[in-house]
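Trainee: A structural model of the following input is requested.
(chains A, B, C and D)
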Number of protein chains: 2
Amino acid sequence: MTNIQDVAKAAGVSTASVTRYLAGQTIRRADAVKQAIDELGYRPSHVARSLKTGRHDSIGVIVPDISNPFFAALVKGVEREMRPHGMQVILGNSDEDAGREEALVRELSQRTDGIIMAPLTENDEIPLALMKTGIALVFVDRDISSGPDVDRVLVDNASGVRQAVDHLVGLGHTRIAAISGPLDSTPGRMRHEALLSSFEHHGIAADDSLLRIGDFREASGRAAIQEIWAAPQRPTAVFVANNLMTTGALTALMEMGVRVPSDLSVVGFDDLPLAALLDPPLTVIARPDVDQGAAAARLLVERLGEPGQPSPAPHPTQSLVLPVELVVRGSTIAAPALPEGSPA
Amino acid sequence: MTNIQDVAKAAGVSTASVTRYLAGQTIRRADAVKQAIDELGYRPSHVARSLKTGRHDSIGVIVPDISNPFFAALVKGVEREMRPHGMQVILGNSDEDAGREEALVRELSQRTDGIIMAPLTENDEIPLALMKTGIALVFVDRDISSGPDVDRVLVDNASGVRQAVDHLVGLGHTRIAAISGPLDSTPGRMRHEALLSSFEHHGIAADDSLLRIGDFREASGRAAIQEIWAAPQRPTAVFVANNLMTTGALTALMEMGVRVPSDLSVVGFDDLPLAALLDPPLTVIARPDVDQGAAAARLLVERLGEPGQPSPAPHPTQSLVLPVELVVRGSTIAAPALPEGSPA
DNA sequence: GATAACACTGGTATCGATAACAGTTGAGGG
DNA sequence: CCCTCAACTGTTATCGATACCAGTGTTATC
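Mentor: This next block holds a predicted model:
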């Protein structure tokens, strides 16, 4: 590859002048430099520049599962927001693996100016190490329990769950099953806690045979619903704490011949791209996904400033909580009349 | 940040010895170096290392749309294959934008040792420039028409389309509509050409009012099916050339009150994560997605070798074509009896 | 004509690591 | 005791760009 020295020589100037030309400053022999660059096909080495300046003009996004439509949409939001600021967006997919997440954080923290990430668990120590390196950090969708103040963008998980339970109770359901997410992840914990407190608020006794903890992946949704359906007393409705587990649960229900909603009402957290086309159309708690990514990107830009500009003064961290919304479709209907002999 | 000099000083050795320790060679004062590294929290600068060695120990993947489940799965395959080789996978999402694709190529070609990409169009000039820089390149799912030999992994588009048309004709359909993809993209062109040649093979006249070219995105599937349904003579079946356009078409059909499959049989290219749960379950041409990514990764590894090892000798480029398979579900049924007066 | 201000210029140290090279040490053999 | 060899060591140039510093020329002002 040709380097800045080749260009300088070809144009008959010093490397400093080429640098100045590259930075948009006016130099006497601009034409000659431009010509030399074109003829040699010169591209400045990003690596060398980063080494000298310490800047990268790019940010990283680390998500647990890029094939989850929610995270894919989130990434889109980040990119859309970043593009006009002239920053590259680099993606990392941890595949729900702590080791891989750590490797990505190490890698991207050296190649980017800031990182937007959804940490795997609330005990995740990795981001703490990140903060010490001075890189800008924004948490999105997930949080960690300990550690320093960090910008974050969450959604109102508690409100969503409350809306869902209110909706089911309003339809007469009292035996409500739930497939929750990992309790050491922010959305898993918040949704589960909100569920229990909603149950309590409505005077519904929590029945352990109807409560399952999954791992937010499809297979665990399948397994959980099978266990729940084998419970001594079956539920009339089920709440599933995320999109992939909902997919798994629906698949298993179809295979088991359980009809939704006549045998079982289903409400899921997270909208699905095809939720309206399912049989029946799925009732869900929808939340902003693209917007959540965009919001995180905005927080990061506020901290980093534009490429080429001096960084803005540090300011206090911000926490955003975006609203969610219950979308009632066809998968939830009134509870069947109580069988004889049941408690009132 | 602490650098290698700090470590060397703290351990009472030269920087060269620290480098050697880092590279796994045996040095006399290994304990002291290890201790210094731990105490100072030293992490070697990836940027500086890359500048000196020219290696990055990471690869890039550039896709047109990460929120397309097919590409998300493909990325997963790449990562799964790369992980045991100790290479980082960095993602870029061009969002179907040529300018953004170019920026990503420039960016990632300077940060990675090789790139797996699905070029936007077959006329894409960008990868050609890439080849000149000497970086390893693998095309996946899409190809470019001109230019040097490149490793590539495609699927058997023609066979898939043929299977779909054979299936529809076997069910008695003769008025078959199609929503094709962009003709300047490899899958768009190959599927469209295979469609026309299958029509010809079965003696079906191509009716322009039933053939639409979309852009592989959901909105264009919606628009196309609306136009098709407004044709003077409606079709009894439709073939849709990819997953997102199929989603769009199904949504529009539902909104228009067209019943699938009784009013219209539907077969789509690409399986959907929820295809089996749709109403009706969707007949599709399924293809390996994760495997396609994994195959591309394998080709790249063959060219790059393991990190820390010398690169293997150059070898001729390879082209893989993976098989596809028609999955018959519920969205295709026998054509209705011909209305009176129709040509036989 | 001297002086100041301005707009540029090139030389060079530097970012943080690696690798080539030229020592230095200690063990073992004669 | 000297020599050879193996195993390790430090010094230094280098990757490709940037930024500081100290000029150099031109123009404007008195």
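Trainee: Which residue is the nearest non-sequential neighbour of the one residue in the stretch 51-200 of chain A that gets nearest to chain B?
Mentor: Residue nearest to chain B within the stretch 51-200 of chain A: A:Leu91 (3.4 Å; CB to the nearest CB). Every C-beta, even on glycine, is put in place using the N, C-alpha and C of the backbone. Nearest non-adjacent residue to A:Leu91, counting by CB to CB, 6 or more residues apart in numbering or on different chains: B:Leu91, 3.4 Å away.
Trainee: Per-residue pLDDT of the closest residue to A:Ser209 other than its chain neighbours, please?
Mentor: Distances taken as CB to CB, 6+ apart place A:Ala231 nearest to A:Ser209, at 4.0 Å, with adjacent residues excluded. In the predicted model, A:Ala231 carries a pLDDT score of 93.
Trainee: Who are the contact partners of A:Ala231?
Mentor: A:Ala231 is in contact with A:177, A:207, A:209-210, counting by CB atoms under 8 Å, 6 or more residues apart in numbering or on different chains.
Trainee: Now pLDDT too, for those residues, in TSV please.
Mentor: What follows is these, written out as TSV (pLDDT from 0 to 100):
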residue	pLDDT
A:Ala177	97
A:Asp207	91
A:Ser209	94
A:Leu210	96
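Trainee: List the contacts of A:Gly188.
Mentor: So A:Gly188 contacts A:180-182, A:213, A:216, A:241 (CB under 8 Å, 6+ apart).
Trainee: Can you tell me which of those has the most neighbours?
Mentor: A:Ala241 (30 neighbours; other CB atoms under 10 Å in any protein chain shown).
Trainee: wait, that one sits on A:Asp215?
Mentor: No. Counting by CB atoms under 8 Å, A:Asp215 is not a contact partner of A:Ala241; they are 10.6 Å apart.
Trainee: what sits in contact with each of the two?
Mentor: A:Gly181.
Trainee: Show me which residues of the stretch 1-150 of chain A are close to DNA strand C?
Mentor: A:12-17, A:20, A:26-29, A:48, A:51-52 (CB under 7 Å from any atom of the strand).
Trainee: of the residues you listed, closest to B:Asp97?
Mentor: A:Ala48 (27.9 Å; CB to CB).
Trainee: Excluding chain neighbours, what is closest to that closest one?
Mentor: B:Leu51 (5.5 Å).
Trainee: Spit out the contact partners of that neighbour.
Mentor: B:Leu51 is in contact with A:45, A:47-48, A:51, counting by CB under 8 Å, 6+ apart.
Trainee: Can you tell me the SS state at A:Arg182?
Mentor: Careful, residue A:182 is Pro; it's not Arg. coil (DSSP: H, G, I helix; E, B strand; the rest coil).
Trainee: That one touches A:Arg212, doesn't it?
Mentor: No. Judged on CB under 8 Å, A:Pro182 makes no contact with A:Arg212 at a distance of 11.8 Å.
Trainee: just the helices in chain A please.
Mentor: In chain A, the segments counted as helices under DSSP state H are A:4-11, A:15-22, A:30-40, A:46-53, A:69-82, A:98-109, A:126-132, A:157-170, A:186-201, A:218-229, A:243-256, A:290-304.
Trainee: least reliable of these going by mean pLDDT?
Mentor: helix A:126-132 (a mean of 76).
Trainee: In that helix, which residues are buried?
Mentor: Across helix A:126-132, burial judged by 16 or more other CB atoms under 10 Å in any protein chain shown covers A:126-127, A:130.
Trainee: quick one: contacts of that helix?
Mentor: A:98, A:101-102, A:105, A:109, A:115, A:117, A:119, A:137, A:139, A:144, A:146-148, A:150, B:41.
Trainee: From those residues, list the buried ones, please.
Mentor: So, by 16+ other CB under 10 Å, the buried ones in the contacts of helix A:126-132 are A:101-102, A:105, A:109, A:115, A:117, A:119, A:137, A:139, A:144, A:150.
Trainee: Check those residues and tell me the two furthest apart.
Mentor: Farthest pair in those, by CB to CB: A:Glu102 and A:Val150, 17.3 Å.
Trainee: Quick check: residues of the stretch 51-200 of chain A near DNA strand D?
Mentor: A:51-53.
Trainee: dump the residue contacts of the residue nearest the centre of chain A.
Mentor: With distances taken as CA atoms, centre = their mean, A:Phe71 lies nearest the centre of chain A, 4.6 Å away. Neighbour list for A:Phe71: A:63-65, A:118 [criterion: CB under 8 Å, 6+ apart].
Trainee: circling back: and the residue of the stretch 51-200 of chain A closest to chain B, bridged to which residues?
Mentor: Counting by DSSP bridges, A:Leu91 forms beta bridges with A:Val61, B:Leu91.
Trainee: Quick one: residues contacting A:Pro69.
Mentor: A:243, A:272-273, A:289, B:67, B:69 are the contacts of A:Pro69 under CB under 8 Å, 6+ apart.
Trainee: Of the residues you listed, which is the nearest to DNA strand D?
Mentor: B:Ser67 (34.3 Å; CB to the nearest atom of the strand).
Trainee: Quick check: closest non-adjacent residue to that closest one.
Mentor: Nearest to B:Ser67 is A:Ala72, by CB to CB, 6+ apart, at 3.9 Å.
Trainee: A:Gly331: neighbour count?
Mentor: Wrong residue type there; residue A:331 is Ser, not Gly. For A:Ser331, using other CB under 10 Å, the count is 24.
Trainee: The one 4 residues further on now?
Mentor: Residue crowding around A:Ala335 was assessed by other CB under 10 Å; the count is 18.
Trainee: what's it in contact with, if anything?
Mentor: A:171-174, A:236-237, A:265.
Trainee: Now a ChimeraX select for only the buried ones of the residues you listed.
Mentor: In ChimeraX, a selection of the buried entries from the contacts of A:Ala335 looks like this (16+ other CB under 10 Å):
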select /A:171,173,174,236,237,265
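Trainee: which two from the contacts of A:Ala335 end up farthest apart in space?
Mentor: Top of the distance list for the contacts of A:Ala335 (CB to CB): A:Thr174 and A:Ser265, 12.0 Å.
Trainee: Could you break chain A into its assigned domains?
Mentor: A:4-44, A:56-155+A:289-322, A:157-287 (automatic domain parsing).
Trainee: Quick check: A:Ala294 vs B:Val153, distance?
Mentor: 34 Å (CB to CB, to the nearest Å).
Trainee: Show me which of those two is the more surrounded one.
Mentor: B:Val153 (27 against 20).
Trainee: Local confidence estimate at that one?
Mentor: For B:Val153, pLDDT reads 96.
Trainee: what are the bridge partners for it, then?
Mentor: B:Val140, B:Leu320.
Trainee: how about the residues of the stretch 51-200 of chain A near chain B?
Mentor: A:51, A:58, A:66-67, A:69, A:72-73, A:75-76, A:79-80, A:83, A:88-93, A:95, A:100, A:103-104, A:106-107, A:110-111, A:132-133 (CB under 8 Å from any CB of the partner chain).
Trainee: Let me know how buried the residue of the stretch 201-344 of chain A found nearest DNA strand D is, in neighbour terms.
Mentor: The nearest approach of the stretch 201-344 of chain A to DNA strand D comes at A:Gly308, 9.7 Å away (CB to the nearest atom of the strand). Neighbour count for A:Gly308, taken as other CB under 10 Å: 10.
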